[in-house]
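1. 3D, please:
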Amino acid sequence: MGVTGSSSSPPARAGTSPVRLLWLAVALSMGAAVSLGITRFAYALLLPPMREDLGWSYTLAGGMNTLNALGYLLGALATPWLLRRLAPGTVLIAGALLATVFMALSGFFVDTVPLLLQRLLAGAASALVFVTGGLLAARLGLQDPRRSGLLLGLYYGGTGWGISLSALLVPAVLGAAASQPHAWTWAWWALAASCALATAVLLWPARALHADATRAAPATAGARGPDTAGAPANQRVRWRALAPALLGYGLFGVGYIGYMTFVVALLREQGSSPAAVTVFYALLGLAVVLSSRIWAGLLDRSRGGGALALLNALLGVATVLPALTSAWPVVLASGLLFGGVFLSVVASTTALVRHNLPQALWATGISAFTIVFAAGQIVGPTVVGWIADGPGGLARGLVFSACALWVGALVAWRQKPL
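-> Numbering: from 1, shown residues only. Next up, the predicted model:
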């Protein structure tokens, strides 16, 4: 199997502007904002008012994100099939439009089953966006290998823009609609409008990268996703060799999602004011954006599981802190550390794929990591919710999440470069 990375990637194409690539990555990051920042993580802000209004247990509240993760898994499984038949830009825009629709529909129901169904469908649509966006970001990195880590980080950092926007938007809408029955429904509609605006921004990178692929050499001409069915035997993915990274990433999915689902509810239980929660979540999102620069060098250098292991370990520390104390400086430090790390864990697996697999297998590799990520997320929210319904409450649930992250770090450390 060939190895792709800075040593074997082609130099930046003549006439490729670094500034243009950066702006394309920023615009493409709206896909991450839609698929994770808004479609998934805004739910943490809506969970407390929905649970109070609808009389949910924490297990059921966590089940909402479990169904979202199940939909994400189904979408991730479907993405390689779609990329063999459609242009990546088409899959990207279609997924973003569908995510917008399903977010809006969540505001029309108060019964459990329809809400679970909307979370499932929104998760499937978000996977189409996130996987395809990651593939396109990796292709941007191929045009300028020296900045590939930064370009990937900018894409994944778009999740932070979605989180920060949600942190500012949701409380404002809830306050404005406080006199309305089921005020949280208005927040779903406001978030859907944000998704629609982000989708409009995505049209530019989708079209630009389609044109770039069409003008490229025959090996990369055409905008269709890589078709691995005809790849030579020596270019098949060696899944057993990637097992430590895959397992470590699955445990990351188990651990991180408990924090992102329940940390706002825990802060409210601990007595944090609405303004403090808004500041906490908005700064967490800003830290996600800044993380693209913090970890770019590590992602460029790490060809094994070292980056994934280090970031998982740091994330475990951030996750356990609110479970140990409600002291505001410690809680804020937890949010900043968590935001500064967790999306770089995702970026580290894309970088690992880029360093260790030929370009023809990038879509398959990214999708495989996305699948184990989704599988972990299916387990995490319901388990943490079930623990939170028992003795120890949400704090004990976050301790479980931190332990999953630390075990994931130990496993990922065993991953060697291929």
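
2. what's the neighbour count on G390?
-> Using other Cβ atoms under 10 Å, G390 is surrounded by 11 other residues. Backbone N, C-alpha and C define where each C-beta goes, glycine included.

3. and it, its phi and psi?
-> phi -100, psi -170 (degrees, to the nearest 10).

4. how much space between it and T59?
-> 10 Å (Cβ to Cβ, to the nearest Å).

5. repeat that for N65.
-> For N65, the distance to T59 - Cβ to Cβ - is 11 Å.

6. those two: which has the busier surroundings?
-> Under the neighbour definition other Cβ under 10 Å, N65 and T59 were set side by side, and N65 has more, 29 against 18.

7. from A360, how far off is that one?
-> 34 Å.

8. next: T199.
-> Taken as Cβ to Cβ, the span from T199 to A360 is 29 Å.

9. higher neighbour count, the two?
-> A side-by-side neighbour count of T199 and A360, using other Cβ under 10 Å, places T199 first with 23 against 18.

10. can you tell me the element the more buried one falls in?
-> helix 184-215 (DSSP states H and E).

11. which intervals of this protein have sub-threshold pLDDT?
-> 1-16, 215-235, 237, 292 (pLDDT under 70).

12. where exactly do the helices run in it?
-> With DSSP state H, the ranges of helices along the chain come out as 18-32, 43-54, 58-83, 88-105, 112-143, 148-176, 184-215, 243-269, 274-294, 296-301, 306-324, 328-356, 362-388, 393-412.

13. which neighbouring elements make contact with the last one?
-> The elements that helix 393-412 packs onto, with contact taken as 3 or more Cβ pairs under 8 Å, 6 or more residues apart in numbering; DSSP states H and E, are helix 243-269, helix 306-324, helix 362-388.

14. could I get those helices as JSON lines with mean neighbour count and distance to L128?
-> JSON lines is the format used below for those (neighbours: other Cβ atoms under 10 Å; distance: least, Cβ to Cβ, whole Å):
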{"stretch": "helix 243-269", "mean neighbour count": "25", "distance to L128": "18"}
{"stretch": "helix 306-324", "mean neighbour count": "23", "distance to L128": "24"}
{"stretch": "helix 362-388", "mean neighbour count": "24", "distance to L128": "11"}
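
15. what's the closest of the ones you listed to P80?
-> Smallest distance to P80 across the helices and strands packed on helix 393-412 (Cβ to Cβ): 5.0 Å, for helix 362-388.

16. how far off centre is that closest one?
-> 11 Å (Cα atoms, centre = their mean, to the nearest Å).

17. that helix vs helix 393-412, what angle?
-> 150 degrees (axes from the mean of the first three to the mean of the last three Cα atoms, to 10 degrees).

18. okay, angle between helix 362-388 and helix 112-143 too, please.
-> Using the same axes, to 10 degrees: helix 362-388 against helix 112-143 is 140 degrees.

19. picking that back up, what residues of the helix holding T199 count as buried?
-> By 16 or more other Cβ atoms under 10 Å, the buried positions in helix 184-215 come out as 184-192, 194-196, 198-199, 201-202, 205-206, 208-210, 212-213.

20. ok, now stretch 322-333?
-> Buried, per 16+ other Cβ under 10 Å, within stretch 322-333: 322-323, 331-332.

21. which two of those residues have the greatest separation?
-> Across those (Cβ to Cβ), the longest gap, 15.1 Å, separates A323 and L332.

22. ok, how many other residues are close to V19?
-> So V19, with other Cβ under 10 Å, has 7 neighbours.

23. tell me which residues touch the closest residue to L246 other than its chain neighbours, please.
-> Residue nearest to L246 in three dimensions, not counting chain neighbours: V372, with 5.0 Å by Cβ to Cβ, 6 or more residues apart in numbering. Applying Cβ atoms under 8 Å, 6 or more residues apart in numbering to V372 gives the contacts 246-247, 249-250, 253.

24. ok, of these, which one's closest to L115?
-> Using Cβ to Cβ, these come closest to L115 at G253, 22.3 Å.

25. report the separation between L121 and W295.
-> Counting by Cβ to Cβ - L121 and W295 are separated by 32 Å.

26. between these two, which has more neighbouring residues?
-> The residue with more neighbours, out of L121 and W295 and counting by other Cβ under 10 Å, is W295; that gives 27 against 22.

27. now do the contacts for the nearest residue to the more buried one once chain neighbours are set aside.
-> Spatial nearest neighbour of W295, chain neighbours left out: S344 (4.2 Å); criterion: Cβ to Cβ, 6+ apart. Counting by Cβ under 8 Å, 6+ apart, S344 makes contact with 153, 156, 291-292, 294-295, 299, 307, 311.

28. tell me how far the residue nearest to L115 when sequence neighbours are not counted lies from T185.
-> In space, L115 comes closest to F109 once its chain neighbours are excluded; the distance is 5.3 Å by Cβ to Cβ, 6+ apart. F109 sits 8 Å away from T185, going by Cβ to Cβ.

29. ok, now A412?
-> 41 Å.

30. what's around the nearest residue to R207 once chain neighbours are set aside, how many residues?
-> Nearest residue to R207 in three dimensions, chain neighbours excluded: G89, at 6.5 Å (Cβ to Cβ, 6+ apart). As a burial measure, G89 scores 21 neighbours (other Cβ under 10 Å).

31. ok, G397 next?
-> For G397, using other Cβ under 10 Å, the count is 28.

32. ok, now which ones touch it?
-> Neighbouring residues of G397 by Cβ under 8 Å, 6+ apart: 58, 258, 262, 383-385, 387-388.
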